[in-house]
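A.B. asks: have a look at this prediction, sequence included:
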Amino acid sequence: MANLKTVTKKSKAQSMGMHTEVLTGRTQQKFFNPDEAENFYYFGTYDVDFNKRTDLDVKDMTAPEANKEIDNLMSQGYGTIVIKNPQGKHSLGVGILNKLNLIFEGSLGYFGMGSCDGPIVRINGRVGWSCAENLMAGKVVIEKNAGSCFGAAIRGGDLICKGSVGARTGIDMKGGTIIIGGDAGAFTGFMMQRGRIIILGDVGINLGDSMYDGTIFVGGEIGSYGSDAVDAELTKSDQDWLKRKLKVAEIGENFDVSKMKKIVAGKKLWNYDNLEPTEKKGAI
Amino acid sequence: MCGIAGLIHRGKSSNVGSELQGMLQALKHRGEDSTGYALYGDTDGKNFIMRFKVGENVGEGSSSVMEDVSVYDERKKIVDQTLAEMGAKVVKEERTLPYSLRYEIDYDTKDLLDFSQRIESIPGVEILSMGKSLEVIKDLGNAKMVCDRYSLDKVVGTHAIGHARMATESGVDIKSAHPFWGYPFSDVSVVHNGQLTNYWNNRRVLENKGMRFMSECDSELIAVYIAEKMRHGATLEEGMKESLTGLDGVFTYFVATKDSLGMAKDTMAAKPLVLYESDDLVAMGSEEIAIRSVLPQEIDTYDPFDGEVKVWQI
């Protein structure tokens, strides 16, 4: 059973606002034996060759048919798949659990690229609500705009939207990085628990509402702060990381990161249930 | 969960009946208890078009009480008598279904309040729409079923809004279906996706001001709320902006008038909307696939932000 404790000595990651607690206890024990690696099998994954490339036209397919065909192509070793005519269909590209170069030539509907772990995805269009929900690892790049709940509950990976996004971006996120080239809507970072959000444009009302931890960087105007979201000092370390990240993300490479605002959790809502009624009022 | 869709052609007319049918059919998974169309057709603008019902669709899934068809005939007779008494001349009469009628009326008035009150004082009669361009057609079933039943695929006009309904807070019947007419204003219609939590408070206030509600569907409040604002001199856009604070809950809604189409989104942006905007066409819907039914090629779309109100003219 893992335990949480707050530490006074900060690691580099902690000084950047990524997290403030450390895990202790049984989960820190090492159970993995490298000698047994060959016995481990990650269900639903394939060994693919990035140089083996194919196109898949999904115009006349349903989403389940298209996803099944992507799975079938991966099972044949295709490591680069170009999806033609997605035409805003929902739930395309979900549940991919291995490395894969996936390119969508068009736009996706809702829940695109949900529950993925590892693929590198480029979407040459827009995406609807809840894109890349629960992303574990990998990189998803959207060339145009995105709908609400962008990157909901992601655990890791990089999620990049070169346009603007709707409301509740990064809601409940637990890790990873979300980068927005344009503006973001209301409740961005709502109840986020870890990870980082970068918004180069403006952001709507209630930014970081009830955020538990993590960091939000904003380049433009902020509509309003949510409960327990507070400003923090933008350190040199932050700026170096932002520059590096924006460069890798091919977005805002020349953006002046020194003027960005850094928002973190005020932590007044931590242990909220244990507060006295008067303290609860002060916390929100 | 309901689905809404709308489009407006700027500077030209198109086959809006067929286009809206495609958009709403693409959203049928969001609800197919009932589907409604508000079509702004090309007319000479001389006569009023009154769409009204003298009964309910009591088919499978309906929550309405079955009535004998002879009752519908009786109600129609009383409507005809009342129109004659008011000096309104029926130029053309169509009875698509036993309970659903369309009249073209030669009637010279700017005040539809008295007219509507007299017609709707007849038990079982409800005006679905009244205007010189607007026609509201709504019935049980999905978009294609309603379109086929009323032969809407050939309607030519400039703009249209529609709704695919999953009934949650009121019955499966025509009176609770969208769009709602902005009674008593000519050519005003509303569709809505969401829930309004201060419906009863607002309803009591508006009823005390003389406004009428025909259903217990919370969405009807939007039509009445904006109509009441316009009655006191507000423009459509002003009324819509006031609704962002006056209406409580989560909503995305469209309002259309004879020459304009507007959208509003609540301050939490809790309900979806995808928007495509170009110089000659604006198309929007709860999901992108609705827009794709009229624009299958790659296009740039976006989600309007929280608290956003937009109005376009034809």
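C.D. replies: Ah, there it is. Because the structure is predicted, anything quoted here is derived from the model rather than measured. Numbering: from 1, shown residues only, chains lettered A, B, ... in the order given.

A.B. asks: next to chain B, which bits of the stretch 151-284 of chain A? Give me the list.
C.D. replies: Residues of the stretch 151-284 of chain A lying close to chain B (C-beta under 8 Å from any C-beta of the partner chain) are A:163-168, A:183, A:185-187, A:204-205. To be clear about C-beta, it is placed using only N, CA and C from the backbone, and glycine gets the same treatment.

A.B. asks: check contacts around A:I179.
C.D. replies: A:158-161, A:197-198, A:200, A:245-246, A:249, A:251 (C-beta atoms under 8 Å, 6 or more residues apart in numbering or on different chains).

A.B. asks: buried ones only from the residues of the stretch 151-284 of chain A next to chain B, please, as a PyMOL command.
C.D. replies: Restricted to buried positions by 16 or more other C-beta atoms under 10 Å in any protein chain shown, the PyMOL selection for these reads:
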select buried, chain A and resi 163+164+165+166+167+168+183+185+186+187+204+205
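
A.B. asks: let's have the residues of the stretch 151-284 of chain A next to chain B in JSON lines, adding secondary structure and pLDDT.
C.D. replies: Output for these, formatted as JSON lines (DSSP: H, G, I helix; E, B strand; the rest coil; pLDDT from 0 to 100):
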{"residue": "A:G163", "secondary structure": "coil", "pLDDT": "96"}
{"residue": "A:S164", "secondary structure": "coil", "pLDDT": "96"}
{"residue": "A:V165", "secondary structure": "coil", "pLDDT": "96"}
{"residue": "A:G166", "secondary structure": "coil", "pLDDT": "94"}
{"residue": "A:A167", "secondary structure": "coil", "pLDDT": "95"}
{"residue": "A:R168", "secondary structure": "coil", "pLDDT": "96"}
{"residue": "A:D183", "secondary structure": "coil", "pLDDT": "97"}
{"residue": "A:G185", "secondary structure": "coil", "pLDDT": "95"}
{"residue": "A:A186", "secondary structure": "coil", "pLDDT": "95"}
{"residue": "A:F187", "secondary structure": "coil", "pLDDT": "96"}
{"residue": "A:G204", "secondary structure": "coil", "pLDDT": "95"}
{"residue": "A:I205", "secondary structure": "coil", "pLDDT": "95"}
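
A.B. asks: endpoint to endpoint, stretch A:200-210 covers what distance?
C.D. replies: End-to-end span of stretch A:200-210 (C-alpha to C-alpha, to the nearest Å): 22 Å.

A.B. asks: show me the contact partners of that stretch.
C.D. replies: Under C-beta under 8 Å, 6+ apart, the answer for stretch A:200-210 is A:164, A:167, A:179-192, A:216, A:218-229, A:251-252, A:255, A:263-265, A:269, B:267, B:269, B:305-306.

A.B. asks: quick one on the thing from earlier: so which of the contacts of A:I179 sit within helices?
C.D. replies: Cross-referencing those against helices under DSSP state H gives A:245-246.

A.B. asks: which among the contacts of A:I179 gets closest to chain B?
C.D. replies: A:C161 (11.2 Å; C-beta to the nearest C-beta).

A.B. asks: so that closest one touches A:A132, yeah?
C.D. replies: No: the pair A:C161 / A:A132 is not scored as a contact, 9.8 Å apart, by C-beta atoms under 8 Å.

A.B. asks: so what's in contact with those two at the same time?
C.D. replies: Contact criterion C-beta under 8 Å, 6+ apart; residues shared by A:C161 and A:A132: A:F150.

A.B. asks: ChimeraX command for the buried members of the contacts of stretch A:200-210?
C.D. replies: In ChimeraX, this line selects whichever of the contacts of stretch A:200-210 come out buried by 16+ other C-beta under 10 Å:
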select /A:164,167,179,180,181,182,183,184,185,186,187,188,189,190,191,192,216,218,219,222,223,225,226,228,229,251,252,255,263,264,265,269 /B:267,269,305,306
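
A.B. asks: what parts of chain B come near chain A?
C.D. replies: So chain B meets chain A at B:267-270, B:272, B:274, B:287-289, B:291-292, B:296, B:298, B:300-303, B:305-307 (C-beta under 8 Å from any C-beta).

A.B. asks: what subset of these is buried?
C.D. replies: B:267-270, B:272, B:274, B:287-289, B:291-292, B:298, B:301-303, B:305-307.

A.B. asks: pLDDT-wise, which helix or strand of chain A ranks last?
C.D. replies: When the helices and strands of chain A are scored by mean pLDDT, DSSP states H and E, strand A:2-6 comes last with a mean of 50.

A.B. asks: just the helices in the stretch 201-314 of chain B please.
C.D. replies: Taking DSSP state H, counting those that start in this stretch, the helices of the stretch 201-314 of chain B run over residues B:220-231, B:236-246, B:288-292.

A.B. asks: A:Y78: which of these is closest?
C.D. replies: For those, the distance to A:Y78 is smallest for helix B:288-292, at 27.0 Å, taking C-beta to C-beta.

A.B. asks: for that closest one, output the C-alpha coordinates as PDB.
C.D. replies: The C-alpha trace of helix B:288-292 is given here as PDB (Å, rounded to 0.1, in the frame of the first residue of the first chain):
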ATOM      1  CA  GLU B 288     -19.300  17.400 -36.300                       C
ATOM      2  CA  ILE B 289     -20.900  14.500 -38.100                       C
ATOM      3  CA  ALA B 290     -24.000  16.700 -38.500                       C
ATOM      4  CA  ILE B 291     -22.000  19.300 -40.400                       C
ATOM      5  CA  ARG B 292     -20.300  16.600 -42.400                       C
END
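
A.B. asks: give me the contact list for it.
C.D. replies: Outside helix B:288-292, the residues touching it (C-beta under 8 Å, 6+ apart) are A:87-90, A:107, A:109, A:126, A:128, B:3, B:5, B:23-24, B:26-27, B:274, B:276, B:283-285, B:299, B:301.

A.B. asks: please apply the same query to stretch B:197-204.
C.D. replies: Residues outside stretch B:197-204 that contact it (C-beta under 8 Å, 6+ apart): B:196, B:213, B:218, B:221, B:224-225, B:246-249.

A.B. asks: quick check: which element contains B:I78?
C.D. replies: Assigned by DSSP states H and E, B:I78 belongs to helix B:69-86.

A.B. asks: tell me the angle the very next helix or strand once past that helix makes with helix B:69-86.
C.D. replies: Downstream of helix B:69-86, the first helix or strand assigned by DSSP H and E is strand B:89-97. Angle, strand B:89-97 to helix B:69-86, by axes from the mean of the first three to the mean of the last three C-alpha atoms, to 10 degrees: 160 degrees.

A.B. asks: now strand B:89-97: mean pLDDT?
C.D. replies: Mean pLDDT, computed over strand B:89-97, is 94.

A.B. asks: return the list of strands paired to it, each annotated with direction.
C.D. replies: Next to strand B:89-97 in the sheet, as set by DSSP bridges, lie strand B:100-106 (antiparallel).

A.B. asks: pull out the buried positions in the partner strand.
C.D. replies: Neighbour counts over strand B:100-106 (16+ other C-beta under 10 Å) mark B:100-105 as buried.
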